[in-house]
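Student: the sequence and its predicted three-dimensional model are supplied below.
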Amino acid sequence: MTPASRAPLYLGLISGTSADGIDAALVRFESRPELVAAHTTPYPAPLRERVLAFARSTVDVALDDFGQLDVEIGGAFAAAAAALLRRGGVDARDVAAIGSHGQTVCHRPSGPHPFTLQIGDPNVIAERTGITTVADFRRADVAAGGQGAPLLPALHAAVFADPAHARAILNLGGIANLTLLAPGEPVLGFDTGPANCLLDAWAARHLGTARDDGGTWARSGRSNEALVGDWLADPYFAAAPPKSTGREVFNLDWLLARLPAGIAPADVQASLLVLSARSIAQALRAHATAPREVYACGGGVHNAALMDALRRELPDMRVGTTAALGIDPDFVEAAGFAWLARARLDGVPGNLPSVTGARGPRVLGAIHAGPPR
């Protein structure tokens, strides 16, 4: 196949629940996704603080502030895309489309008027990059009665499923979500609860850092089993899928309301680590069809203490990363939104009703044309 006849490139952009930066992936989809280039652009600290403030459940937001942050995040996403193209030596004209997830600031898929809200104006991205941009992927699913999340199980099923045996794909972002792949059965996927968001919030409060690198601080503490049990009594963990959640539920306020006095901060961190690992393990045992392999992706794969905790909670399963399946675990999500952009341009549904609970398959995303070339 000559270069001119090769499949076009798509560029995926996402900043997850942790809001630590913008992941960008340049992908070619042929027999399997080919990650041509990838890069993470950290948010400047003041911008990250504003994003996290907007995502807090109790914050009051002025319309002017909201509109300006929407454009500012769009500009940051456009800059991340441009940086990736420079890094990969790729001309914007060779990219068929950008798939931009944006930055989630509120996710309320239940209630009388369900909604989910991602910001990062795609018009700004399209204008500044010159590339058609597909965005707003979640709301069509919510309008169809779905959770709007998780959306990546469709990609996981297309790329990671094994026809011979069951396996699970685990995304360790701010929130953990599972995709359960079993031959001959519908794909299942749902958010299990916190992965990194509470760990990060507690580290920021006591260490003044964005995260507990490698879980070193958590390792210095001692888990409190009674406390972990109290946390796991939250109704979310026992709720049946389809379900999704985010920082609007699992945040510092949630933690402080459930934290008795007198516990050393390092012991709280150690307990939060167990909460993340155990809630994932319990969800697997409750809903999976006998998987023997769990492949993790997302920023949490770099928390060695969390990965070790998962292995302790899942002694009968092999716990590795998607690197073993051929995709860098840091960029599976960004590649997924490149994949969803291609699906939108092709008019192919991007959701899985068995995962989100939507009334049926839906084509996801709105197309924002770039300026004439």
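Tutor: Ah, there it is.

Student: just give me the longest helix of this structure.
Tutor: Using DSSP state H, we find that the single longest helix of the chain is helix 63-88.

Student: mind listing what's buried in it?
Tutor: Using 16 or more other C-beta atoms under 10 Å as the test for burial, helix 63-88 gives 69-70, 72-82, 84-85, 88. For the C-beta atoms, the positions are set from N, CA and C on the backbone; glycine is no exception.

Student: tell me the two of those residues that are most distant?
Tutor: Distances among the buried residues of helix 63-88 were taken as C-beta to C-beta; the most separated pair is 69 and 88, at 28.5 Å.

Student: ok, the top strand by length along the chain: who's next to it in the sheet?
Tutor: In the chain, with assignment by DSSP state E, the single longest strand is strand 95-108. Paired with strand 95-108 in the same sheet, following DSSP bridges, are strand 9-15 (parallel), strand 115-119 (antiparallel), strand 133-135 (parallel).

Student: could you give me the average pLDDT of stretch 49-57?
Tutor: Across stretch 49-57, the average pLDDT comes to 80.

Student: do stretch 167-174 as well
Tutor: On average, stretch 167-174 scores 97.

Student: out of the buried residues of helix 63-88, who's nearest residue 41?
Tutor: Relative to residue 41, the closest of the buried residues of helix 63-88 is residue 80; by C-beta to C-beta it sits at 4.1 Å.

Student: and the closest one, what does it touch?
Tutor: 13, 22, 24, 39, 41 (C-beta atoms under 8 Å, 6 or more residues apart in numbering).

Student: residues in contact with the worst-scoring helix or strand of the chain on mean pLDDT?
Tutor: Ranking every helix and strand in the chain by mean pLDDT, DSSP states H and E puts helix 45-55 at the bottom, with a mean of 87. For helix 45-55, the external contacting residues (C-beta under 8 Å, 6+ apart) are 15, 19-20, 43, 59, 61, 66, 69, 72-73, 76, 103-106, 119, 210, 246-248, 251.

Student: what sits closest to residue 358 if chain neighbours are left out?
Tutor: residue 146 (3.1 Å; C-beta to C-beta, 6 or more residues apart in numbering).

Student: phi and psi next, for the one you found.
Tutor: Listed backbone geometry of residue 146 is phi -90, psi 180, with angles given as degrees, to the nearest 10.

Student: now it: how far from residue 200?
Tutor: 28 Å (C-beta to C-beta, to the nearest Å).

Student: likewise for residue 222?
Tutor: Distance from residue 222 to residue 200, by C-beta to C-beta: 20 Å.

Student: who's more crowded, those two?
Tutor: When residue 222 is set against residue 200 and neighbours are counted by other C-beta atoms under 10 Å, the residue ahead is residue 200, at 25 against 12.

Student: for that one, give me its contacts.
Tutor: By C-beta under 8 Å, 6+ apart, the neighbours of residue 200 are 18, 20, 174, 210, 211, 212.

Student: what's the farthest-apart pair in these?
Tutor: Counting by C-beta to C-beta, the most remote pair of the contacts of residue 200 is 174 and 212, 13.6 Å apart.

Student: what's the neighbour count on residue 260?
Tutor: By other C-beta under 10 Å, 9 other residues sit near residue 260.

Student: would you confirm that it contacts residue 224?
Tutor: No - if you go by C-beta atoms under 8 Å, residue 260 and residue 224 don't touch, sitting 9.2 Å apart.

Student: state the distance from the residue nearest to residue 164 when sequence neighbours are not counted to residue 88.
Tutor: The shortest distance from residue 164 to any non-neighbouring residue, by C-beta to C-beta, 6+ apart, is to residue 183 (6.9 Å). Separation of residue 183 from residue 88 (C-beta to C-beta): 36 Å.

Student: follow-up on the earlier one: for residue 165, find the nearest of the strands paired with strand 95-108.
Tutor: Nearest to residue 165, of all those, is strand 9-15, at 28.8 Å by C-beta to C-beta.

Student: who touches the residue nearest to residue 119 when sequence neighbours are not counted in this structure?
Tutor: Nearest non-adjacent residue to residue 119, counting by C-beta to C-beta, 6+ apart: residue 70, 4.4 Å away. By C-beta under 8 Å, 6+ apart, the contact set of residue 70 is 119, 120, 121.

Student: of those residues - the most surrounded one?
Tutor: The most crowded member of the contacts of residue 70, judged by other C-beta under 10 Å, is residue 120 (29 neighbours).

Student: what's the pLDDT at it?
Tutor: At residue 120, pLDDT is 98.

Student: just residue 89 next, same as before
Tutor: 97.

Student: ditto for residue 19
Tutor: pLDDT for residue 19: 85.

Student: before we move on, what about residue 44?
Tutor: 90.
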